[in-house]
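Asker: When you get a sec, could you give me coordinates for this:
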Amino acid sequence: MGVIDRIGARVGEVPGVLAARFGFDEHETGYRTETIAGVTTFLAMAYIIVVNPAILSDAIVIEGYEQTEVYQMIAVATILASIVAILVMALYANRPFGLAPGMGLNAFFAYTVVIGLGVPWEVALVAVFVEGIVFIALTAVGARKYIIELFPEPVKFAVGAGIGVFLLFLGLQEMQVVVAYDATLVTLGNVATSPIAALSLVGLGLTFVLWARGVRGSIVIGIVTTALAGWLLTFAGVVSPGALTPGDSYQDVTEDGIVSMLASAQYDFSPLFFGFLDGFGMVAEDPLVFLLVVFTFFFVDFFDTAGTLIGVSQVGGFLDEEGDLPEVEKPLMADAVGTTFGSMIGTSTVTTYIESSTGIEEGGRTGFTALVVGVLFLLALLVVPLMALIPQYATYIALVVVGIIMLQGVADIDWADPAWAIAGGLTITIMPLTTSIANGLAAGIISYPLIKAAMGRRDDVSLGQWTLAAAFVVYFVVYFAVDAELVVF
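Answerer: Purely as a prediction, here's the structure:
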């Protein structure tokens, strides 16, 4: 056999080796299904490449650089941090979960810590770094796994539905189907006057029909079709530029500005890295605030990630009979490594994304799905300046569809048991009402032992569960202390 034949034979073995490596037979999946799932997850969470730098660049100012350049630096850091975390998830944990800098935590970083408290952004990055190191240590010794397994059963089974309602609410808001209203906080948007709401509902209807008919890739088809429709309606003059296209992107495309946009990209993010290094020398200026920030980052990220893992794992059927995720420490290590690396290159806390449930719904079951997400993030580096061309409302269709699908989790809750009903019900409702997975978990975890005690069934509650409930009370005390500090500033 010649050299060419031997190389060809080796290449031909690759698909089989990868299939065995990721356990395709065990999970009854294949390349096509996993690839579609990865593309779906990426499309659902790709908005972070645009949104994260938009938020962080409000707080990060670098002398000698325009904010457009800082924005692009952070976009590159966002992508690289996501890729590192996703590779750990794919190759070490073998789970179909996507990771990226977390929404909410990036806003806390920018608006509360840096802008509100006046903490230098360099110091804030150090706080995220410290959090990541603590996460790696706790994950390595199994402490995070132990704490997550302390979650009361009704909370574990309610997390999926709570995240579902959360996703549904976020999606409908972005699609302008649900809008702000002073009297009742929110109300139904006017579809007749909102092009985004009208097109989003059409796209959502198409996606529902395709999904109901069992069409593979229905969510991807819905997202892509809706986005293309928005651009076509704009080019045809049916709607004004910017109505269905992001910002000034229509002007950039019509004036053939894409080439110049690509040429002007700022890929050198070293100023962010050197700023991170400078932050270590600045911590001593206000160590108390620094510790409060580290604690808040740590606590919210810990329980957001835990809730997300349990919720998306429930959709994929990964949980065991006790509602636990086997080998949960492996996916937990992915967000710990991603957070640590991300802080060093200039972005906020990395976490598992609830949008991963969109790919799981499309059949993703192994780390190959995550690997596809990572490859797509890598390709996104080539078009960092063009990411603003993606209309966000199109991607949020996926959240609405998956949000409804995740409601099936309520069937696993024993609603006849008061402790289950109260803990589960609070977990489900507090998440969307406070736009926080961690707050929903807190409501369920604190209420469960109290109701059990009131029912005279204290023996059903372990010492660890009482301790976890007390820890949440301490967290809220610290959280409000940070808010009080914010008022002073």
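
Asker: For residue 116, see how far away the spatially closest residue to residue 67 that is not a sequence neighbour is.
Answerer: Taking Cβ to Cβ, 6 or more residues apart in numbering as the measure, residue 67 lies nearest to residue 57, with 5.6 Å between them; neighbours along the chain are not counted. To be clear about C-beta, it is placed using only N, CA and C from the backbone, and glycine gets the same treatment. Distance of residue 57 to residue 116, given as Cβ to Cβ, to the nearest Å: 16 Å.

Asker: quick one: which of those two has more around it?
Answerer: Set residue 57 next to residue 116 and count neighbours by other Cβ atoms under 10 Å: residue 57 wins out with 20 against 17.

Asker: Now do the contacts for that one.
Answerer: Listed by Cβ atoms under 8 Å, 6 or more residues apart in numbering, the contact set of residue 57 reads 67, 70-71, 74.

Asker: Now do the phi/psi pair for it.
Answerer: According to degrees, to the nearest 10, the main-chain angles of residue 57 amount to phi -70, psi -10.

Asker: Go ahead and measure how far stretch 310-325 is from the middle of the chain.
Answerer: 18 Å (Cα atoms, centre = their mean, to the nearest Å).

Asker: burial count for residue 328?
Answerer: 24.

Asker: For the spatially most central residue of the chain, give me its contacts.
Answerer: Geometric centre of the chain, nearest residue: residue 353, 2.7 Å, by Cα atoms, centre = their mean. By Cβ under 8 Å, 6+ apart, the residues touching residue 353 are 41, 45, 48, 97-100, 102, 308.

Asker: try residue 49
Answerer: 75, 78-79, 377, 380, 384, 387.

Asker: run the last query once more with 10 Å
Answerer: Residue 49 makes contacts with 42, 74-76, 78-79, 82, 100-101, 377, 380-381, 383-384, 387-388, 390, as judged by Cβ atoms under 10 Å, 6 or more residues apart in numbering.

Asker: And the helices in the stretch 201-350 of the chain?
Answerer: Assigned helices in the stretch 201-350 of the chain, in chain order: 218-235, 249-254, 258-263, 270-280, 287-316, 329-345 (criterion: DSSP state H, counting those that start in this stretch).

Asker: any idea how far residue 268 is from residue 435?
Answerer: Using Cβ to Cβ, residue 268 is found at 35 Å from residue 435.

Asker: which parts of stretch 409-416 are buried?
Answerer: Taking 16 or more other Cβ atoms under 10 Å as the neighbour-count basis, stretch 409-416 is seen to contain the buried residues 409-410, 412-413.

Asker: ok so residue 456 is a strand residue?
Answerer: No: assigned with DSSP: H, G, I helix; E, B strand; the rest coil, residue 456 falls outside any strand and is coil.

Asker: okay, now it: neighbour count?
Answerer: Using other Cβ under 10 Å, residue 456 is surrounded by 8 other residues.

Asker: same thing with the one 5 residues further on?
Answerer: The criterion is other Cβ under 10 Å. On that basis, residue 461 has 18 neighbouring residues.

Asker: show me the contacts for the nearest residue to it once chain neighbours are set aside.
Answerer: Distance criterion Cβ to Cβ, 6+ apart; nearest residue to residue 461, sequence neighbours excluded, is residue 449 at 4.3 Å. For residue 449, the contacting residues are 152, 419, 423, 457-458, 460-462, 465-470, taking Cβ under 10 Å, 6+ apart as the criterion.

Asker: likewise residue 223?
Answerer: Applying Cβ under 10 Å, 6+ apart as the definition, the contact partners of residue 223 turn out to be 39-40, 43-44, 46, 203, 207, 217, 358, 390-391, 393-398, 401.

Asker: Only the buried subset of those residues, as a ChimeraX command please.
Answerer: Typed into ChimeraX, the next command selects the buried ones out of the contacts of residue 223 (criterion: 16+ other Cβ under 10 Å):
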select :39,40,43,44,46,203,207,217,358,390,391,393,394,395,396,397,398,401
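
Asker: The one helix or strand residue 127 maps to vs helix 287-316, what angle?
Answerer: Per DSSP states H and E: residue 127 is located in helix 121-140. Helix 121-140 and helix 287-316 meet at an angle of 50 degrees, taking axes from the mean of the first three to the mean of the last three Cα atoms, to 10 degrees as the criterion.

Asker: List of residues touching the helix or strand following helix 121-140?
Answerer: Using DSSP H and E, the helix or strand that follows helix 121-140 towards the C-terminus is helix 143-149. Helix 143-149 is contacted by residues 134-135, 137-139, 142, 156, 302-303, 305-307, 309-310, 322-325, 327-330, 332-333, 335-336, 464, 467-468, 471 when judged by Cβ under 10 Å, 6+ apart.

Asker: let's see it at 6 Å
Answerer: 138, 306, 324, 328-329, 332 (Cβ atoms under 6 Å, 6 or more residues apart in numbering).

Asker: What's the ChimeraX line that selects buried ones from those residues?
Answerer: Under the burial definition 16+ other Cβ under 10 Å, those of the contacts of helix 143-149 that qualify are selected in ChimeraX by:
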select :138,306,324,328,329,332
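
Asker: and which of the contacts of helix 143-149 is nearest to residue 190?
Answerer: Ranked by distance to residue 190 (Cβ to Cβ), the contacts of helix 143-149 are led by residue 306 at 38.9 Å.

Asker: So which of the contacts of residue 223 are in strands?
Answerer: Helix and strand membership here follows DSSP state E; of these, not one is in strands.

Asker: Number of residues surrounding residue 169?
Answerer: The local packing count at residue 169 equals 19, with neighbours defined by other Cβ under 10 Å.

Asker: That should have said residue 212, apologies.
Answerer: 9.

Asker: State the distance from it to residue 205.
Answerer: With distances taken as Cβ to Cβ, residue 212 is found 11 Å from residue 205.

Asker: Likewise for residue 115?
Answerer: Here the distance between residue 115 and residue 205 works out to 40 Å (Cβ to Cβ).

Asker: the more surrounded of these two?
Answerer: residue 115 (15 against 12).

Asker: PyMOL command to pick out the buried ones of the contacts of residue 49?
Answerer: Here is the PyMOL command that selects the buried residues among those (16+ other Cβ under 10 Å):
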select buried, resi 42+74+75+76+78+79+82+100+101+377+380+384+387+388+390
